[in-house]
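Q: Dropping a prediction and its sequence here:
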Amino acid sequence: MIKRHFFIYILLTLFSCTTVTAGPVNWDGAEKYITIQQKQFCDLKNEHVLNLYNAIDSRNEIKINKVKKQRQEDLDALLPSGKFENWIVKLVSIKQVKSPQDETTDGDAAAVFELSCGSQIGSGTFLIDGKITWGATIKYNSRQYREVSKLSSGQFAIISGTFLKVNEFAPSKKETYYASRPLTSADLQDKENSRYSNGDELFLSFINYIAAAN
């Protein structure tokens, strides 16, 4: 009887000292969560970096515009209506939007997530007619808002949503590129570099589902 009690005590001690974790803590651990669609998006991004580098190096604006348009056509084929599902992402930051002049976004959450290839998706600002406007924010006190409020920077999550197009905000634009902070010449200094520590592009994306990856 004494031996049995001692054995139970040892088991309880071991379990009480063991911390159980679930979900990825780095991109190596997150690989198994990456969908085919997400991988293909990153493959397109990496190819675009090289093509855009070469086009900019040619100093020919027509070539640059053709590269950008081709990438948009490739993304349209990959993402019907701009929709993506169950992408594994790492949270970069969450901000509380302060826009008293715009009640539709005031108090919303502005969340930015990073993909394994360095691109970022989520909320951001854009300039229309000289006015800075928030886009793709997460509505205050929505289900997504409550879920994102639980996350911390560097934590992995699974999200679904829709990429937003520029002409949804600026109908006068001829092209319908997905709204993003574009790659800059500084981003393209090394054409072999397809990952950037701070995220190279930020695609405005409306998030309709989010859950911690654990």
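A: Received the coordinates, thanks.

Q: Where do the helices of the protein begin and end?
A: Per DSSP state H, the chain carries helices over the ranges 2-17, 27-30, 36-57, 61-78, 143-148.

Q: Adding mean neighbour count, mean pLDDT and distance to A213, write the ones you listed out as JSON lines.
A: The C-beta positions use only the backbone N, C-alpha and C, and glycine is treated the same way. Formatted as JSON lines, the helices of the chain follow (neighbours: other C-beta atoms under 10 Å; pLDDT from 0 to 100; distance: least, C-beta to C-beta, whole Å):
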{"stretch": "helix 2-17", "mean neighbour count": "9", "mean pLDDT": "49", "distance to A213": "25"}
{"stretch": "helix 27-30", "mean neighbour count": "14", "mean pLDDT": "92", "distance to A213": "7"}
{"stretch": "helix 36-57", "mean neighbour count": "17", "mean pLDDT": "91", "distance to A213": "13"}
{"stretch": "helix 61-78", "mean neighbour count": "14", "mean pLDDT": "90", "distance to A213": "22"}
{"stretch": "helix 143-148", "mean neighbour count": "17", "mean pLDDT": "96", "distance to A213": "12"}
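
Q: Columns distance to A110 on top of the ones you listed, output as TSV?
A: Shown next, in TSV, are the helices of the chain (distance: least, C-beta to C-beta, whole Å):
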stretch	distance to A110
helix 2-17	40
helix 27-30	23
helix 36-57	22
helix 61-78	23
helix 143-148	10
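
Q: between these, which gets nearest to S119?
A: helix 36-57 (5.4 Å; C-beta to C-beta).

Q: Which strands or helices does that closest one pack on?
A: Other helices and strands packing on helix 36-57, by 3 or more C-beta pairs under 8 Å, 6 or more residues apart in numbering; DSSP states H and E, are helix 61-78, strand 83-96.

Q: Export the last one to CSV, keeping only CA atoms.
A: So the one you mean is strand 83-96. Output in CSV follows, covering the C-alpha atoms of strand 83-96 (Å, rounded to 0.1, in the frame of the first residue of the first chain):
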residue,chain,number,x,y,z
LYS,A,83,-10.8,34.9,-50.8
PHE,A,84,-8.3,32.8,-48.8
GLU,A,85,-9.0,30.2,-46.2
ASN,A,86,-7.2,28.8,-43.1
TRP,A,87,-3.9,30.5,-43.6
ILE,A,88,-1.3,30.1,-40.8
VAL,A,89,0.1,33.5,-39.8
LYS,A,90,2.2,35.2,-37.1
LEU,A,91,0.8,38.2,-35.4
VAL,A,92,2.9,41.4,-35.9
SER,A,93,0.9,44.0,-34.1
ILE,A,94,-2.6,45.1,-33.0
LYS,A,95,-3.6,48.7,-32.7
GLN,A,96,-6.9,50.3,-31.5
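
Q: Output the contacting helices and strands for that strand.
A: helix 27-30, helix 36-57, strand 109-114, strand 120-122, strand 156-163.

Q: Recalculate using a threshold of 7 Å.
A: Contacts defined by 3 or more C-beta pairs under 7 Å, 6 or more residues apart in numbering; DSSP states H and E place strand 83-96 against helix 36-57, strand 109-114, strand 156-163.
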